[in-house]
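In: Fold the following, please.
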Amino acid sequence: MWKSLCYNERKGNWGGFVSLERLQEKIRKRKMPLVLDFVPAGEKLPQCVLEHSKSWLEGYFHFALELLERLKGVVPGVRFSFSGFAMEGPEGLLALSRLTERAKRLGYCVLLTVPEAMSSREAEHFADTFFAPRCPWHFDILVTSAYLGTDSVRPYVEKLKDSNRDLLVVVRTGNKSAPELQDLLTGGRLVHMAAADKINRLAQELVGRWGYSRIGLVAAPGAGESLRTLRSKYPQLFFLLDSYDYNNVSAKKCAAAFDKYGHGAAVLAGTKISQAWLAAQTDGYDYAEQAALAVERIQRNLTGSLTTL
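Out: Below is the predicted model of the structure:
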């Protein structure tokens, strides 16, 4: 099975598997439903890294690269924030290009969160840019938001039909103020449930060989019964759970997003892994090893609450 999933540079495909199928296959093989999140904003770097770098960005680049190298073959997927790197200027976008390329070569399934389009015209431009054959940022799954409406999502959906790349759409986030808008009641439904309904309609056109659509959702495991309701309503949608870093998130809550075989979802974790050296109160020289230990702890917690067959 693994040979059929290896990337063919010459042919430019993954043995016929689309991206969410490949991510799920990696999760099944490794019993590791985890995606590592790279967001430069506010990230603290060990002094030993900063001392050998000409700038903070150069330090972060080498920091992230070392984590990718250390966790290859263990963590199946990584997510990068386009906006987070863009805030560092042209050098940040170059660093993003090099990191995403390296992540793909190391065998990760690469997710890229792109800025939310503020108009349908902008969404079309974003879709043309990110799905261009020579796009400088290398990814398998694009992550965007639906809160402008479906005309901010459709341009991406159209691109999927001629691509092995897939799409995840944010419907419920885990930040503290999310309920102020996303949990409002509208027409008998919560706003984020209405958003999920819209995405589900688009997703039905692209159901893959394993029964999951090529369009999935980003949802919050800390949102009470919301996650359980989403899973029961949308058995064909893959869920990326945002985010294991929040204090109100537990492995038990995350388990509600998985189907009876332990499939159909992945947990997103960032600072609990990348900043594990801080939590361990070390000098930072062992940041990659501390990250690996954090991954092991997350895996134990998750496998204690669900079984992946």
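
In: May I have the secondary structure class of the residue nearest the centre of the chain?
Out: For the chain, residue 79 is the residue whose C-alpha lies nearest the centre (Cα atoms, centre = their mean; 4.4 Å). State at residue 79, reduced to three classes by DSSP: H, G, I helix; E, B strand; the rest coil: strand.

In: Let's see the pLDDT reported for the nearest residue to it once chain neighbours are set aside.
Out: Spatial nearest neighbour of residue 79, chain neighbours left out: residue 111 (3.9 Å); criterion: Cβ to Cβ, 6 or more residues apart in numbering. C-beta coordinates here come from the backbone N, C-alpha and C atoms, glycine included. What the model reports as pLDDT for residue 111 is 98.

In: can you list the residues that contact the helix or strand in which residue 111 is found?
Out: According to DSSP states H and E, residue 111 maps onto strand 109-113. With contacts defined as Cβ atoms under 8 Å, 6 or more residues apart in numbering, strand 109-113 is touched by 19, 22-23, 26, 35, 76-83, 100, 103-104, 130, 137-144, 168, 240.

In: Pull up the gap between the residue nearest to residue 79 and residue 38, please.
Out: 10 Å (Cβ to Cβ, to the nearest Å).

In: Show me whatever sits in contact with both of the two.
Out: 78, 79, 80.

In: What residues are bridge-paired with the last one?
Out: It refers to residue 80. residue 38, residue 112 (DSSP bridges).

In: isn't it right next to residue 97, touching?
Out: No - checked against Cβ atoms under 8 Å, the pair residue 80 and residue 97 is beyond contact range at 10.1 Å.

In: Looking at these two, which has the bigger crowd around it?
Out: Shown here are residue 80 and residue 97; by other Cβ atoms under 10 Å, residue 80 has more neighbours (25 against 15).

In: that older thread, quick one: the residue nearest to the centre of the chain and residue 64 touch, right?
Out: No - applying Cβ under 8 Å, one finds residue 79 not in contact with residue 64, separated by 11.9 Å.

In: Common neighbours of these two, please.
Out: residue 38.

In: for the stretch 1-150 of the chain, which spans come out with low pLDDT?
Out: 1-17 (pLDDT under 70).

In: Could I get the contacting residues of the residue nearest to the centre of the chain?
Out: Contacts of residue 79 (Cβ under 8 Å, 6+ apart): 35, 36, 37, 38, 110, 111, 112, 113, 143, 240, 268.

In: Those, buried ones only, as a ChimeraX selection?
Out: Buried residues among these (16 or more other Cβ atoms under 10 Å), as a ChimeraX selection:
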select :35,36,37,38,110,111,112,113,143,240,268
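
In: so which of the contacts of residue 79 comes closest to residue 197?
Out: For the contacts of residue 79, the closest approach to residue 197 (Cβ to Cβ) belongs to residue 240, at 18.3 Å.

In: Could you give me the buried positions within stretch 124-131?
Out: Those would be 124, 126, 127, 130, 131, for stretch 124-131 by 16+ other Cβ under 10 Å.

In: go on, stretch 68-83?
Out: Result for stretch 68-83 [16+ other Cβ under 10 Å]: buried residues 68, 70, 71, 75, 76, 77, 78, 79, 80, 81, 82.

In: CA atoms of that stretch as PDB?
Out: The C-alpha coordinates for stretch 68-83 follow below in PDB (Å, rounded to 0.1, in the frame of the first residue of the first chain):
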ATOM      1  CA  LEU A  68      10.100  18.500  10.200                       C
ATOM      2  CA  GLU A  69      13.200  16.400  10.100                       C
ATOM      3  CA  ARG A  70      12.700  15.000  13.600                       C
ATOM      4  CA  LEU A  71       9.000  14.100  13.200                       C
ATOM      5  CA  LYS A  72       9.100  12.700   9.700                       C
ATOM      6  CA  GLY A  73       7.500   9.300   9.400                       C
ATOM      7  CA  VAL A  74       5.700   9.900  12.700                       C
ATOM      8  CA  VAL A  75       3.400  12.800  12.200                       C
ATOM      9  CA  PRO A  76       1.400  12.400   9.000                       C
ATOM     10  CA  GLY A  77       0.500  16.000   8.200                       C
ATOM     11  CA  VAL A  78       1.600  19.600   8.700                       C
ATOM     12  CA  ARG A  79      -0.300  22.800   8.300                       C
ATOM     13  CA  PHE A  80       1.300  26.200   7.400                       C
ATOM     14  CA  SER A  81      -0.300  29.600   7.800                       C
ATOM     15  CA  PHE A  82       0.100  31.700   4.600                       C
ATOM     16  CA  SER A  83      -0.800  34.900   6.400                       C
END
